[in-house]
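Next one to model:
(one chain, ligands or ions: 1)
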Amino acid sequence: MLVVEDESDVRARIRGELERRYGSDYRVTCEGSALSALAKLERWRASAEPVALVLVDQWMPDLTGEEFLARAKALFPEAKRGLLVSFGAWGDRRTADAMLRAMAAGRMDYYVLKPWRRADEFFHRTVTEFLHEWERSSSASPQEVALICERRSPRAHQLRDLLTRNGVPHVVHDTDSPEGRRLLAEAGHAGTSEPVVVLLGGGVLVNPTNADLADAYGVSTTLEGRSKFDLVVVGAGPAGLAAAVYASSEGLDTLVVERESIGGQAGSSSLIRNYLGFARGVSGSDLAQRAYQQAWIFGARFLHAREVTALRPGGGRHVLTLSDGSEASARAVVVATGISYRRLGIPGIDALLGTSVFYGASVSEARAYAGQEVYVVGGGNSAGQAAIHLSRYAGRVTLVVRRDSLVETMSSYLVDEIAAAGNIEVRPNAELAACSGDGVLETITLRDRVSGQTEAVPAAAVFIQIGAEPYTAWLPPEIRRDAWGYLLTGRDLSAESWPLERPPLMLETSVPGVFAAGDAREGSTKRVASAVGEGSVVIEQVHQLLDSGEAASSAPSRNASRASVGSR
Ligand SMILES: Cc1cc2nc3c(=O)[nH]c(=O)nc-3n(C[C@H](O)[C@H](O)[C@H](O)COP(=O)(O)OP(=O)(O)OC[C@H]3O[C@@H](n4cnc5c(N)ncnc54)[C@H](O)[C@@H]3O)c2cc1C
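Prediction:
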């Protein structure tokens, strides 16, 4: 831990707090001068010593805290960076402006109030949260799972992505690195080119399926003899997780089925900054894990690494077929299957998928491109977040945008952060026309949409974020969709597509008792907060349906007076 503070009494107080609380696990270094602290950081970088935390005062004689943190970020992108401020600093306009600038430019993770007394728990809460986040993301700390793989193999990429998005603390070693060779030999698989997973608690898996990995990690992948539920939620993105929390907390016997990763798209976001209540942002996988644990502790059952492949609507009970052939039935179903990335049909791309061309943000890949030249295709918020996350590691990131600017398609806080990053270039009026390389990407061809001219440029990796389409093709035709596959609900259903006399509930699809929530629903706002909102609102409507007796009744009734279904 490095602290930079020029006032000696304040420095002594911070040193005392940190050494007493963390001294047996971390080395605490306190400096009075920013320049000598910077020299130390450079030495530690040269000797590959890990740095977990950098705390710096904003107003110092030789360098501002903001400038210092920008340099610290370049040297130690994984270290948590806090700007030290005194209580009430937000009343001082100059300091407040410095904080907002540093935050907007991604130079600091958050501000830290200087401790003003012994055992200042407010100070320690911020420090402990920083250390927890650092420990989860750091390549330096030991992890629960080790993945030994050839980095550029598509299956290795899928496994890394799965572990990252499900919030499993893990470390990745190349098959031919010294540590990789040692672990493979210990596991009895020396010389293999297949991905091998070694679990800290014991257990070795060679090229496991997603379900094998989930089983080995101790989470449930089969129905284990149960098949009847009050409610089945399909998909555990923000909408499905919110539905699970509200349903299980209100006494509904709830099963949640997730085919890939808890958290859905949100789980692939490195930092969600606009979700209510998380002032300094929250990683998508952290948010998802919190929601998952919340639903689990209320009693929701989860099936991991299982896809729902079909739904048979039935009188009172709907039957869902799972990818292992088993069936579950429920009186109500919430379809919260979200959307998947739209694909680009350009020459050369398919052969390189998962090796160096990726759909989505691929938070798990960023570190592998340290110092290299990478491209992000897309002009929306997810492309912006991917570019910012990659810029922490890559030498240069180019954002390839079809429009002439980002202003219309990206939130302004991201546009500002991109402008401040220093190593992100925006290439407007451009599109990806081809990819080429022998096994891994070497060159991409970009087309200028105004002049039509093409240019081939070297690239180590391309991350594509060009929008998405809903996961609804598996549903039966009675469940009506729009021309793009989004689920129609409530008022959007035509009279011919709705079979009952009562009107459909607001989030009900054309099959009574089957509801839709989140990004898969036509007209939904594609944001975490709105998906969470719909996931909670939909449970109120499930209760209305179950309480009315329209669906075969055995579930606990939350409110007997809510007996008639029909409000839109
Ligand atoms: C990189 C990225 C960054 C983003 N950043 C932000 C942000 O900063 N702020 C913000 O508000 N929004 C952000 N978004 C958008 C936000 O993540 C989505 O709006 C939100 O996740 C939608 O939630 P959902 O539950 O409707 O769907 P999803 O998140 O798409 O989840 C659907 C889930 O259903 C599962 N599933 C699909 N079909 C099946 C099936 N047949 N059986 C079982 N499971 C199935 C999928 O595997 C998936 O896990 C971001 C999106 C991306 C991709």
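
Could you list the contact residues of the stretch 251-400 of the chain toward the ligand?
With CB under 6 Å from any ligand atom as the criterion, the stretch 251-400 of the chain comes near the ligand at residues 257-261, 264-266, 268-269, 272, 274, 307-308, 336-339, 361, 381-382, 385. C-betas here are computed from N, CA, C, even on glycine.

at 8 Å instead, please
Taking CB under 8 Å from any ligand atom as the contact definition, the stretch 251-400 of the chain meets the ligand at 257-275, 284, 306-309, 323, 336-341, 360-361, 381-382, 385-386.

Residue 422: neighbouring residues, count only.
The burial count assigned to residue 422 is 11, neighbours taken as other CB atoms under 10 Å.

can you tell me how far it sits from the ligand?
With the distance defined as CB to the nearest ligand atom, to the nearest Å, residue 422 ends up 22 Å from the ligand.

do the same with residue 91
Counting by CB to the nearest ligand atom - residue 91 and the ligand are separated by 30 Å.

again with residue 76
24 Å.

Check what pLDDT that residue gets.
Reading off the per-residue confidence, residue 76 sits at a pLDDT of 93.

How far off centre is stretch 207-215?
In terms of CA atoms, centre = their mean, to the nearest Å, the gap separating the centre of stretch 207-215 from the centre of its chain is 21 Å.

And for stretch 182-191?
For stretch 182-191, the separation from the chain centroid amounts to 32 Å (computed by CA atoms, centre = their mean).

Give me the neighbour count for the residue in the stretch 51-200 of the chain that the ligand sits nearest to.
Of the stretch 51-200 of the chain, the residue with the smallest distance to the ligand, taken as CB to the nearest ligand atom, is residue 165 at 8.5 Å. Here the number of neighbours of residue 165 (other CB under 10 Å) works out to 26.

Could you tell me which residues of the stretch 101-250 of the chain lie near the ligand?
Counting by CB under 8 Å from any ligand atom, the residues of the stretch 101-250 of the chain near the ligand are 234-241.

Can you name the two of the residues you listed that sit furthest apart?
For those, the maximum inter-member distance is 14.0 Å, found between 234 and 238 (CB to CB).

Settle it for me: which of the two has more neighbours?
More neighbours surround residue 238 than the other of residue 234 and residue 238, with 33 against 26 (other CB under 10 Å).

For the closest residue to the more buried one other than its chain neighbours, what are phi and psi?
Once flanking residues are discounted, residue 238 sits nearest to residue 531: 4.0 Å by CB to CB, 6 or more residues apart in numbering. Torsion angles at residue 531 (phi, psi; degrees, to the nearest 10) stand at phi -60, psi -40.

list the contacts for residue 531?
237-239, 242, 266, 336, 338, 517-519, 524 (CB atoms under 8 Å, 6 or more residues apart in numbering).

and what of residue 458?
Counting by CB under 8 Å, 6+ apart, the residues that residue 458 touches are 373, 442-443.

I'd like to know which of those residues is nearest to residue 349.
Proximity of the contacts of residue 458 to residue 349, judged by CB to CB, is greatest for residue 443, which lies at 12.5 Å.

Based on its surroundings, how many neighbours for the closest one?
Other residues near residue 443 come to 13 when the count uses other CB under 10 Å.

what do you get for residue 346?
The local packing of residue 346 (other CB under 10 Å) involves 16 other residues.

Hmm, it is touching residue 434, no?
Yes - counting by CB atoms under 8 Å, residue 346 sits close enough to residue 434 to count as a contact (5.6 Å).

Please list all residues in contact with residue 143.
With CB under 8 Å, 6+ apart as the criterion, the residues that contact residue 143 are 169-171, 200.

Buried only: go through the residues you listed for me.
Buried positions within those, assessed by neighbour count (16 or more other CB atoms under 10 Å), are 169-171.

Show me the shaky parts of the stretch 251-400 of the chain.
Counting by pLDDT under 70, the stretch 251-400 of the chain contains low-confidence ranges at 361-363.

which residue ranges form the helices in it?
Defined through DSSP state H, counting those that start in this stretch, the helices belonging to the stretch 251-400 of the chain, from first to last, are 284-297, 381-391.

picking up where we left off before, tell me the spacing between the residue nearest to residue 238 and residue 56.
Distance of residue 531 to residue 56, computed by CB to CB, to the nearest Å: 37 Å.
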